[in-house]
Structures are given as C-alpha cells and as structure tokens.
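Q: sharing a model prediction with you, sequence too.
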Amino acid sequence: MKSPSTTLTRSLALGTTAVLVAGLVSASPAAADNVDVSPQRTVKGELSGPVGLEDDAAGNIYVASQNNNAIVVHAKNASGPSSPLRRISGAATMLSTPRDVALDGNGFLYVAQSDGTVRVFAPGANGNVAPIKSFGTGPGAAYGIDVSGGEIYVRKNTAYHVYAPSATGTPAPTERTVGGLGAGMSIAVSGSKVWTTSATQLRAYSTSADGVATPLQVVTGAVPATEINGIDTDANGRVHVTSLIPGTVRVFAPNADGAAAPLKVLGGPATGFGWPTGIAVLNSGAFAVADYLGASYSVFGSLFSKPATAKKPGKVRALKVGGAARAKNRKVRWVAPKSNGGAGIKSYRLVVRKGNRTLVVRNLGPNRRSLVLKRSQLRNGINTVRVQAKNAKGFGPVAKKSFRVRK
C-alpha cells in the first residue's frame with residue numbers, strides 16, 4: 001500500500017498549480033509537533049526526477065525515475081551513490097515518464113505513466129524487458145497507483161479509477177470511477193479507505209465508493225500552500241503526505257477530519273528536502289521520501305518511535321590518583337562512563353574517606369574529569385576516593401580507588 005507522487009514540472013504543464021494557489025487555505029493549527037531531523041540515509045544512483053516509491057517484502061525500494069524513463073530498484077540498506085540492484089529501462093519496456101509504482105502480493109510491478117497507460121512487469125524484471133501486459137486509463141495522465149484487495153486503483157487528475165487485475169484494452173473498462181475531485185495526483189488504499197487528494201484537501205472514500213461519492217473524511221487544509229505530492233499510510237492507519245512548498249511530510253491521524261491539525265510536521269534544513277514528491281512507509285516502519293531536485297530519496301525513522309527509556313549512567317572509568325604519598329597535592333582523574341544511560345551526565349560526585357570518616361565531598365559539573373586534593377584535607381594512611389556520575393535518573397555505580405598518604 002505504498003503510493004503517490006507528482007512533480008511541480010508536471011503540475012505546471014497541466015495548469016494545476018495555479019488553480020491550487022488561487023484557492024489557498026490557511027496553515028494548519030499550531031498544535032502540530034514540528035520535527036526537523038536528518039534522514040538515516042540518502043540514496044542516489046541512476047535516478048533522475050524520482051517520483052513514486054514502493055518497497056517489497058525484502059525491503060528493496062522501487063523508484064519511478066521519471067526523467068530517464070526507468071524503474072530503479074535499490075537494496076534495502078542502500079546509502080549514498082549506490083548502484084541499483086536492478087533497473088528496468090529501454091525501448092522494450094515502453095516506459096515513458098513513469099509516475100508511480102505499486103506491487104501486488106505476488107510481486108508483480110505496476111507502473112502508472114504520464115501517457116495514461118499502466119505497464120505491468122513480472123516479479124524480478126530487470127533490464128530492457130517487455131511488460132507482461134499494459135492497459136490504458138483514458139485521456140490524461142495516470143499519476144498515482146495502488147494495488148489492494150485484488151483491485152488496481154489509478155489516480156487521474158480529477159478522479160480515480162478502479163480496475164480488475166484482468167484489465168486490458170485502451171482504455172480498459174473500469175469497475176468503478178470516483179469523480180468530483182479537485183486536482184490531485186496521489187492515492188493510497190488503507191483497509192476499507194481510499195486516501196486521495198482534492199487540491200489542498202486530503203480525502204478518504206470507502207473502497208466501495210462509485211460516482212460522485214460523498215467522502216468519509218475531508219481534511220480541509222492538509223497542506224498550506226500547494227498540492228499534496230505523495231500519500232501513504234503506516235501500520236496504525238496514520239496518513240503521511242508530502243508537499244513541495246514548503247517541503248514537508250505531514251502526518252494525520254486515521255480519523256482526521258475537517259480542520260484537523262497534523263500530528264507531526266517534518267521539515268526544515270536538517271531534512272535536506274528540495275522538492276519532496278512520492279512517499280512510501282516501509283515495512284520496517286521507517287519511511288522513504290523521493291526528492292525530485294536532489295535526484296535521490298531519503299529514509300527517515302518513524303516519527304512515532306518511542307524514545308528509549310533512560311537509565312542511570314554507567315561507572316566512571318580509569319579512576320586514578322596521581323602524586324607520591326608525601327606530595328602536597330594529589331590529583332584525582334577519571335574518564336566519563338561508557339554509557340550515559342540515555343540521558344546526559346548532569347554532574348559527578350567525589351567523596352574521599354579514611355575508614356568510616358568522610359574527609360572530602362565535592363559535586364562537580366558534567367565537564368569536570370579531575371580534582372586536586374590538598375594533603376591537609378587527607379589523613380595519614382590508606383585513603384579511598386569514590387566517584388559517581390549522575391544523570392536525570394540518578395547516580396550510577398561507585399568507582400573506587402585507594403591511595404596511601406604519608407604526613
């Protein structure tokens with residue numbers, strides 16, 4: 001159920017952007033949790049104008065590379081200028097400005113194209129290979145595609161069509177067509193809902209909807225100033241959408257309706273977004289976002305991962321006491337714990353004892369790693385220094401070092 005995509009270049013060519021800008025809605029309420037984080041990895045490699053994405057059961061990522069008429073498949077953990085595992089391209093493929101990709105449960109690959117056709121490739125297809133079949137969707141581009149419940153959903157500019165797996169012909173007969181939509185280019189099926197776009201709106205329809213149907217939900221201002229470029233849903237039904245201006249990923253609750261604010265808004269300099277187009281929530285729970293300008297896609301961790309529970313810090317390391325037994329000053333040194341317990345070190349406590357008698361107690365800042373002790377503070381014989389690190393959860397275990405003092 002990974003779908004979506006569009007590019008500003010295509011939008012301008014079709015005249016949709018001007019329509020959308022003329023009907024701008026105000027930005028979502030400030031209740032959203034704004035996030036600006038770096039991606040886990042960014043993948044380049046034989047991509048040009050990437051748009052729609054999808055991952056398979058093995059975690060490999062399929063990308064509709066619009067400007068070089070190819071479907072590029074990268075390995076699950078690909079990073080940087082990675083060579084793809086496979087590449088479907090060449091005259092025999094009949095690929096022409098592919099916009100979006102989807103996989104069915106048997107691994108067949110469906111490609112929606114700007115010429116209005118859908119090309120279907122066999123599992124594992126590679127190189128200059130012919131599709132096993134093609135069908136037409138009528139006048140205008142086929143922008144978005146998803147395959148679910150034994151049916152093929154194709155987003156057109158102001159409608160979406162539903163086809164049987166056996167669909168053939170130019171155009172192929174539809175099982176259902178949902179119209180009455182504003183301009184849009186993305187579609188994703190989640191359970192019994194079909195999520196799609198209508199200008200700046202995000203809409204959910206029943207999977208049985210037909211004709212000019214009443215949507216189940218309408219998020220009136222899903223993006224503030226441009227069309228939605230990609231849609232996908234996660235395992236909890238949350239809806240992830242991308243927008244070009246500003247470059248963001250916005251995540252809405254499964255029941256979002258009306259003027260609902262997004263739960264999360266990912267955007268800002270750390271993300272590296274240029275023109276985010278397609279989005280795919282991956283089987284791992286992370287999500288991939290195509291970047292048209294960057295000729296790449298980036299993978300981000302789930303925005304809803306629970307932070308690791310903090311623990312007390314570990315024991316300080318390499319505790320030493322410098323100086324001879326009769327020295328006027330003795331310098332205690334240590335190294336920070338190997339683990340801070342998942343929370344920053346707030347302070348260190350240093351205690352010097354002779355038997356049961358406490359001689360010195362110092363609370364030191366988080367950047368201190370030493371303390372000079374004067375001989376006058378110490379007692380003749382064996383003294384022991386104890387050092388503990390402290391974070392928000394409390395003190396870690398005690399590190400001890402005994403040393404001799406002669407007076």
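A: Here it is on my side, so go on.

Q: contacting residues around Val321?
A: Arg330, Lys331, Val332, Val385, Lys401, Phe403 (Cβ atoms under 8 Å, 6 or more residues apart in numbering). Just so you know, the C-beta spots here come from the backbone N, C-alpha and C atoms, and that holds for glycine as well.

Q: which one of these sits in the busiest neighbourhood?
A: Neighbour counts for the contacts of Val321 (other Cβ atoms under 10 Å) peak at Val385, which has 24 neighbours.

Q: what's the first helix or strand after the helix or strand that residue falls within?
A: Here Val385 sits within strand 381-391, counting by DSSP states H and E. Using DSSP H and E, the helix or strand that follows strand 381-391 towards the C-terminus is strand 394-395.

Q: for the following helix or strand past that following strand, packing partners?
A: Per DSSP H and E, strand 394-395 leads on to strand 399-405 as the next helix or strand towards the C-terminus. Secondary-structure packing of strand 399-405 (3 or more Cβ pairs under 8 Å, 6 or more residues apart in numbering; DSSP states H and E): strand 317-322, strand 329-335, strand 381-391.

Q: from the contact counts, what lies against the second one?
A: The one in question is strand 329-335. So strand 329-335, by 3+ Cβ pairs under 8 Å, 6+ apart, packs with strand 317-322, strand 370-374, strand 381-391, strand 399-405.

Q: about what we covered before: tell me which of the helices and strands packed on strand 399-405 sits most buried.
A: Most buried of the helices and strands packed on strand 399-405, by mean neighbour count (mean count of other Cβ atoms under 10 Å): strand 381-391, with a mean of 19.

Q: who does it pair with, and is each partner parallel or antiparallel?
A: strand 347-354 (antiparallel), strand 394-395 (antiparallel), strand 399-405 (antiparallel) (DSSP bridges).

Q: Asp146: which of these is closest?
A: Of all the strands paired with strand 381-391, strand 394-395 sits nearest to Asp146, with 50.1 Å by Cβ to Cβ.

Q: can you tell me how far Ile145 sits from Thr174?
A: 14 Å (Cβ to Cβ, to the nearest Å).

Q: right, I mislabeled it, should have said Asn60
A: 31 Å.

Q: also Arg250?
A: Distance from Arg250 to Thr174, by Cβ to Cβ: 30 Å.

Q: present the helices and strands packed on strand 329-335 as TSV; the columns should include distance to Pro131 and mean pLDDT.
A: Formatted as TSV, these follow (distance: least, Cβ to Cβ, whole Å; pLDDT from 0 to 100):
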stretch	distance to Pro131	mean pLDDT
strand 317-322	61	97
strand 370-374	70	97
strand 381-391	58	97
strand 399-405	67	97
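
Q: of those strands, which approaches Asp234 most closely?
A: strand 381-391 (32.2 Å).

Q: hmm, back to that, between Arg250 and Thr174, which is the more surrounded one?
A: Arg250 (24 against 18).

Q: and the gap between the closest residue to the more buried one other than its chain neighbours and Val241?
A: Of all residues not flanking Arg250 in the chain, Pro262 sits nearest, at 4.1 Å (Cβ to Cβ, 6 or more residues apart in numbering). Taking Cβ to Cβ as the measure, Pro262 and Val241 are separated by 8 Å.

Q: then Val120?
A: 27 Å.

Q: the more surrounded of those two?
A: It is Val241, of Val120 and Val241, that has more neighbours when counted by other Cβ under 10 Å, with 26 against 19.

Q: for Ser198, name its beta-bridge partners.
A: Here Ser198 sits in beta bridges with Gln201, as judged by DSSP bridges.

Q: ok, it - how many residues close by?
A: Residues near Ser198, counting by other Cβ under 10 Å: 19.

Q: help me confirm that it comes into contact with Val178.
A: No - contact between Ser198 and Val178 fails when scored by Cβ atoms under 8 Å: they sit 10.6 Å apart.

Q: just the pLDDT for the most centrally placed residue in the chain.
A: The chain has Phe300 as the residue nearest its centroid, 3.0 Å off, counting by Cα atoms, centre = their mean. We have a pLDDT of 96 for Phe300.

Q: can you map out the strands along the stretch 151-300 of the chain?
A: Remark: strands assigned in the stretch 151-300 of the chain by DSSP state E, counting those that start in this stretch are 151-155, 160-163, 176-178, 187-190, 193-198, 201-206, 217-219, 228-233, 239-243, 248-252, 264-266, 276-281, 287-291, 296-300.

Q: buried deepest among the strands paired with strand 381-391, which one?
A: strand 347-354 (a mean of 19).

Q: I'd like the next helix or strand past it.
A: strand 357-364.

Q: where does Val73 sit, in terms of helix or strand?
A: Using DSSP H and E, Val73 falls in strand 70-74.

Q: quick check: angle from that strand to strand 296-300?
A: Relative orientation of strand 70-74 versus strand 296-300 (axes from the mean of the first three to the mean of the last three Cα atoms, to 10 degrees): 40 degrees.

Q: next SSE after strand 70-74?
A: strand 80-81.

Q: so what strands line up beside that next one?
A: Strand pairing (DSSP bridges) places strand 80-81 next to strand 41-44 (parallel).

Q: what angle separates the helix or strand following the strand it pairs with from strand 70-74?
A: For strand 41-44, the succeeding helix or strand toward the C-terminus, using DSSP H and E, is strand 50-55. Here strand 50-55 runs at an angle of 40 degrees relative to strand 70-74 (the same axes, to 10 degrees).

Q: show me what the helix or strand following strand 50-55 is packed up against.
A: Next in sequence after strand 50-55, counting helices and strands by DSSP H and E, comes strand 61-65. The contact analysis (3+ Cβ pairs under 8 Å, 6+ apart) places strand 61-65 against strand 50-55, strand 70-74, strand 98-103, strand 109-113.
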